[in-house]
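1. Structure for this input, please:
(one chain, ligands or ions: 4)
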Amino acid sequence: MPLLDVNAIALLHTLLTTNSLSRLSTLCASLQAPIEHILSIVAAHPFVFARLRAIDTPGDDRIAVVLDLTNCTFYARPPNGCTKDNACPYLHLCPSVVLPNRRCQRPHDCPLSHSLDTEHNRRVIIERGLENLPQKTLIMLILASADPSKTFAVCHHKPKPCREPNCDDLHLCYFYMCSPHLCKYGDCKAGHSLATQRNIDYLERRGLAHVEPLDIIALFRIVDENKKHSHIYRYPLEQQHPAQPMMIMTLMMDEHGQHQQQPMIMF
Ligand SMILES: [Zn+2]
Ligand SMILES: [Zn+2]
Ligand SMILES: [Zn+2]
Ligand SMILES: [Zn+2]
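-> Ligands and ions are numbered 1, 2, ... in the order given. Okay, here's the model as predicted:
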């Protein structure tokens with residue numbers, strides 16, 4: 001059954017044109033709809049949209065896309081690719097059609113799929129309830145999910161702290177992000193603060209500079225969960241939240257996170 005109706009699709013599409021984040025006032029103007037209409041769509045789809053309270057202009061909250069449609073990182077990996085077959089909840093696409101600035105090495109005889117219209121990809125899209133998305137919106141969602149400037153990705157670099165000069169993800173302790181009580185390290189190298197200079201710069205760049213910090217952390221947590229558990233994202237948040245740190249370690253090893261720069265694709 002489709003996850004989104006026509007109004008929610010319109011909101012999703014509009015947000016995907018503005019790097020997955022927009023002010024309520026801007027959305028009202030774009031969609032020519034009252035605030036209440038937009039807020040009711042957001043409230044009805046907690047695993048598609050998130051509302052972030054503004055701290056600059058009261059009432060002009062931000063709306064972000066938390067829905068994610070990630071490509072399988074094992075699919076193109078030698079020697080065997082993804083071995084999960086039907087159990088894999090991620091798209092199986094040649095990285096060149098998803099990742100920014102990536103050219104296919106074998107454009108005329110690529111063994112990897114360049115199409116969404118395969119049995120595997122059709123199944124993933126239907127399982128996610130996204131079968132009624134217009135092709136253009138679907139492609140924008142896939143590209144946004146793979147692009148750090150259009151999604152909300154927390155850095156999974158190990159060991160901590162990440163010193164990658166090109167890392168374009170938020171630097172925050174994964175355990176702290178899941179719940180402030182989960183990290184037991186008093187001097188955690190992964191960091192518990194959004195107010196470091198690097199994160200201040202990042203949030204400014206990402207359009208999140210004037211937003212309630214707790215809402216920012218919740219935003220990244222939901223997107224992270226959607227990236228890892230895309231096939232079960234419809235369950236309540238509590239059920240996705242592993243209560244045991246041991247389980248979180250398992251999830252961290254099952255990462256499908258990616259790091260890209262600029263999208264440039266045709267399907
Ligand atoms: Zn796979
Ligand atoms: Zn290819
Ligand atoms: Zn990093
Ligand atoms: Zn920590």
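2. Flag every buried residue along the longest helix anywhere in the chain.
-> Ranked by residue count, the top helix of the chain under DSSP state H comes out as helix 213-228. By neighbour count on 16 or more other CB atoms under 10 Å, the buried set for helix 213-228 is 215-228. Backbone N, C-alpha and C define where each C-beta goes, glycine included.
3. That helix near ligand 3 anywhere?
-> No. Judged by CB under 5 Å from the ion, helix 213-228 stays clear of ligand 3, getting no closer than 12.9 Å.
4. ok now that helix, how far from the chain's centre?
-> Here helix 213-228 is found 9 Å from its chain centre; the criterion is CA atoms, centre = their mean, to the nearest Å.
5. tell me which parts of the chain are close to ligand 3?
-> Residues of the chain lying near ligand 3 (CB under 5 Å from the ion): 155, 157, 162, 167.
6. If we use 6 Å, what do you get?
-> Residues of the chain found near ligand 3 (CB under 6 Å from the ion) are 155, 157, 162, 164, 167, 169, 171.
7. and the third one, what element?
-> To tie it back to what came earlier, the one meant is C162. Using DSSP states H and E, C162 falls within no helix or strand.
8. Hmm, it is touching C173, no?
-> No. The criterion here is CB atoms under 8 Å, and C162 misses it with C173 at 11.3 Å.
9. Neighbour count for those two, which is higher?
-> Remark: of C162 and C173, C173 carries more neighbours, 21 against 17, as counted by other CB atoms under 10 Å.
10. quick one: that one from F152, how far?
-> C173 sits 16 Å away from F152, going by CB to CB, to the nearest Å.
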